[in-house]
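Student: the amino acid sequence is not available; the structure is as follows:
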Ligand code: MF3
Ligand code: CO
Ligand code: CO
C-alpha cells in the first residue's frame, strides 16, 4: 500500500515532532556512561519528553511496551526494554526515541559507545550509520523503495555484515507505523515509487554476524541468534520536490538537512 501524502500543515507538524525527537537524543547523550542503568536513561527521557517538551513518549504502552524509550545493547538488535543493569565499558547501545507532538510522530535512533569500544564495535557502528546515510541519499520523487534497500544491503554485505530482515522502516505521521514498509534489503528498480509529501523512516539493523534473530521471553527484546553485535540508526524523512529533508537531524551530524538532487 502506498504511503500517505502529507498536507503542508501536516508537514509542519512532522518537522516539529522530528526536531523534538532529535532533541531528546541530544539531551540524553552526556548521560550515557559506564555505571548508568537504562532505567535511569528511560526516566530522564520520559521526564524531558513529558515535562519539558509537552509530548507523549510513543513507545509507552504501544502494543503493551512497558517503557518510554527502547535501549538495545550489544547483541540486542532492537526493542530492548530499559532495566536496572548498569552500562559497562565497551558496550554499544542504541537509544530509540519516538515522540508525539500535536498528534504527529517523530522517530529517530542513534548508537552510543560506552567508553572505549573494540575496533569491531566501532566499525559496525560506523558502517550502520553509513547504511542509513546511503539510503537517505537515494530518497527523491520517482525513486523506488527497492533502490534504497538494495544500496543498504550492498554496503552492509560488502563490509561482511548482514541485514536484519524481520524489521523495517515505515511510513510515519499521525500513525506511528504507517504504510509503506521500508525494507533495508532488496532489488533496485522494484517496489513502491516515492512521491512528494511522503514521510517515512529508514532504520537499518546491521549485524556483525548472521542475519538471523529471535525474540526473547519478554516478547519484545530482539537479539541476534549468534549473539554477535548489532547496530542501528534511524531518521524520519520527508520526500521533497527534488530530494529529501531529514526531519530528525541532530546538530553534530555532517549530512545536510535538505538534500537537493537537481
Ligand atoms: N521506535 C521503533 C521504530 O523505530 C518502534 C518501537 S515500538 C516499541 O519503529 F513498542 F518497542 F516501542
Ligand atoms: Co521507526
Ligand atoms: Co524508532
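Tutor: Ah, there it is. Please read these numbers as outputs of a predicted model, since none were measured by experiment. Ligands and ions are numbered 1, 2, ... in the order given.
Student: for stretch 162-170, which positions count as buried?
Tutor: For stretch 162-170, a neighbour-count test (16 or more other Cβ atoms under 10 Å) marks 162, 163, 164, 167, 168, 169, 170 as buried. Placement of C-beta: from N, CA and C, glycine included.
Student: next one, pLDDT for the second one please.
Tutor: The one in question is residue 163. Residue 163 carries a pLDDT value of 99.
Student: what's near enough to touch it?
Tutor: 152, 153, 156, 157, 184, 185, 204, 205, 206, 207, 211 (Cβ atoms under 8 Å, 6 or more residues apart in numbering).
Student: go with 7 Å
Tutor: By Cβ atoms under 7 Å, 6 or more residues apart in numbering, residue 163 lies in contact with 152, 153, 156, 184, 185, 204, 206, 211.
Student: could you check how far the residue of the stretch 51-200 of the chain found nearest ligand 2 is from residue 96?
Tutor: At 4.1 Å from ligand 2, residue 107 is the closest residue in the stretch 51-200 of the chain, using Cβ to the ion. According to Cβ to Cβ, to the nearest Å, residue 107 stands 8 Å off from residue 96.
Student: between those two, point out the one with more neighbours.
Tutor: residue 107 (28 against 22; other Cβ atoms under 10 Å).
Student: where's the more buried one, which helix or strand?
Tutor: Taking DSSP states H and E as the definition, residue 107 sits inside strand 104-113.
Student: tell me the mean pLDDT over that strand?
Tutor: 98.
Student: helices and strands around that strand, which ones?
Tutor: Contacts defined by 3 or more Cβ pairs under 7 Å, 6 or more residues apart in numbering; DSSP states H and E place strand 104-113 against helix 8-28, strand 92-101, helix 119-137, strand 235-239.
Student: mind redoing it with 6 Å?
Tutor: For strand 104-113, the elements it packs on are helix 8-28, strand 92-101, strand 235-239, judged by 3 or more Cβ pairs under 6 Å, 6 or more residues apart in numbering; DSSP states H and E.
Student: the last one near ligand 1 anywhere?
Tutor: No: using Cβ under 6 Å from any ligand atom as the criterion, no contacts between strand 235-239 and ligand 1 are found, and the smallest distance is 9.2 Å.
Student: which residues sit against that strand?
Tutor: 18, 106-108, 139, 172, 194, 196, 198-199, 201, 244-248 (Cβ atoms under 6 Å, 6 or more residues apart in numbering).
Student: which positions in the protein make contact with ligand 1?
Tutor: So the chain meets ligand 1 at 59, 62, 63, 65, 70, 79, 96, 98, 107, 203, 234 (Cβ under 6 Å from any ligand atom).
Student: all set now, cheers.
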